[in-house]
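In: The amino acid sequence is not available; the structure is as follows:
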């Protein structure tokens, strides 16, 4: 019998492929295919944001680079317009970190992840908030930002009137984590800056949060974007715990594999799983890219020996290059007088073919990101090897 085929037994649902092991390259190519990093796709921007179940947005331009690396002919205004039109929003979601998601997804994800927000708040400010009536604090904070969008500095100042002994950062963190806040434009708009002003998601969208988020559908969507994956992977991506019961409910409609360490991987039966030998062209990923933050075991995309060069001690996730599908260096844009330089620092020795392809892709990146009146240059630094 061909073990690559899924089989059905009467009354048992889709049986798992427990005998089949997926190595790093198989997981790499499956994830790249779902992340649109094997081949750029031509889809509406909103469809891509939803297909990826959101984009990491801890830095202003991260979602723009994420879309550029995955889409054909993406232009910054396409996303900026969606933000202004309230079709996508920027707010704290998975892992209690900033993401950019479609508005319908925000209404589902935010209540689903409430326990994540509360655990994050307790971990960061539990001691300072232990004697505070958090319910009343949230009510007051909600009213303030719904009456007028506020920066955290402004919000903290108003909260001090009623809680003079509460540190401002703890007070605003409580509102951020207990109330579904969204950052409003111009925050998140390419080329524009300023402090982030917040209001509630419900006020911004004139809609209510989903009263009963569909966890099973959201997990299926995670698998479609990041699978095959373990339960721990899903928990790392979302920040949630205790998902084993939900996965057991889903098991009959899923197929399963094992990774090289024996961990059980869940997947959608019809999701793409290209052969590990499938070619993968060089790609530039922006800082905090989703693909680096959505699995417990990152070896499918990042060799652990390079982790400290990508994940900094102060919480920054550097912009990276992919060579043959794996993280193989970092990059940054350097703005000089009337000139933008793309500086690439590879971790490995590049072949002539890889160098040529990387230079071509780098030129495209500069065309996308550099000011129009700037000259442009790509520089590949000596490798770390």
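Out: Great, that's in hand. Because the structure is a prediction, the values reported are computed rather than measured.

In: alpha carbons only for contacts and neighbour counts from here, please
Out: Will do.

In: what's near enough to touch residue 184?
Out: 89-90, 196-199 (C-alpha atoms under 8 Å, 6 or more residues apart in numbering).

In: From residue 158, how far out is it?
Out: According to C-alpha to C-alpha, to the nearest Å, residue 184 and residue 158 sit 19 Å apart.

In: And residue 191, by the same measure?
Out: Where residue 158 is concerned, residue 191 sits at a distance of 30 Å (C-alpha to C-alpha).

In: More neighbours: the two, which one.
Out: A direct count of neighbours by other C-alpha atoms under 10 Å for residue 191 and residue 158 places residue 158 higher, at 17 against 12.

In: now for stretch 84-102, what's the gap between its first and last residues?
Out: Note: stretch 84-102 ends 12 Å apart using C-alpha to C-alpha.

In: again with stretch 260-267
Out: Note: stretch 260-267 ends 16 Å apart using C-alpha to C-alpha.

In: Need the residues that contact that stretch.
Out: Contacts of stretch 260-267 (C-alpha under 8 Å, 6+ apart): 18, 21-24, 223-224, 227-231, 254-259.

In: quick one: average pLDDT of that stretch?
Out: Taken as a whole, stretch 260-267 has an average pLDDT of 96.

In: before we move on, what about stretch 81-98?
Out: 98.

In: For residue 194, see how far away residue 327 is.
Out: Separation of residue 327 from residue 194 (C-alpha to C-alpha): 32 Å.

In: Give the residue from those two that has the larger number of neighbours.
Out: residue 327 (27 against 10).

In: partner strands of the helix or strand containing that one, parallel or antiparallel?
Out: Assigned by DSSP states H and E, residue 327 belongs to strand 326-336. Strand pairing for strand 326-336, using DSSP bridges, gives strand 320-323 (antiparallel), strand 339-346 (antiparallel).

In: which parts of the last one are buried?
Out: Neighbour-count burial for strand 339-346, with 16 or more other C-alpha atoms under 10 Å as criterion, is recorded at 340-346.

In: again, but for stretch 290-303
Out: Of all the residues in stretch 290-303, those buried under the rule 16+ other C-alpha under 10 Å are 290-302.

In: Among the residues you listed, which ones are in strands?
Out: Secondary-structure check on those using DSSP state E: no residue lies within strands.

In: Please name the nearest non-neighbouring residue to residue 209.
Out: residue 107 (4.7 Å; C-alpha to C-alpha, 6 or more residues apart in numbering).

In: which ones are touching residue 25?
Out: 276-277, 300.

In: Kindly recompute the last result at 10 Å.
Out: Each residue near residue 25 by C-alpha atoms under 10 Å, 6 or more residues apart in numbering is listed here: 31, 274-278, 299-301, 324-326.

In: same thing with residue 99?
Out: 53-59, 62-63, 89-93, 106, 290.

In: mind listing the helices for the stretch 201-350 of the chain?
Out: 201-205, 215-226, 231-238, 244-250, 307-310 (DSSP state H, counting those that start in this stretch).

In: Quick check: which of those is nearest to residue 127?
Out: Residue 127 sits nearest to helix 231-238 of all the helices of the stretch 201-350 of the chain, at 24.8 Å, using C-alpha to C-alpha.

In: tell me the angle of the closest one relative to helix 215-226?
Out: Here the directions of helix 231-238 and helix 215-226 differ by 90 degrees (axes from the mean of the first three to the mean of the last three C-alpha atoms, to 10 degrees).

In: how about low-confidence regions in this protein?
Out: Applying pLDDT under 70 to the chain flags the ranges 1-19, 385.

In: Does anything pack onto the longest helix along the chain? Which helices or strands?
Out: Counting by DSSP state H, the longest helix found in the chain is helix 352-369. With contacts taken as 3 or more C-alpha pairs under 10 Å, 6 or more residues apart in numbering; DSSP states H and E, helix 352-369 sits against helix 62-70, strand 283-285, strand 320-323, strand 326-336, strand 339-346, strand 375-380.
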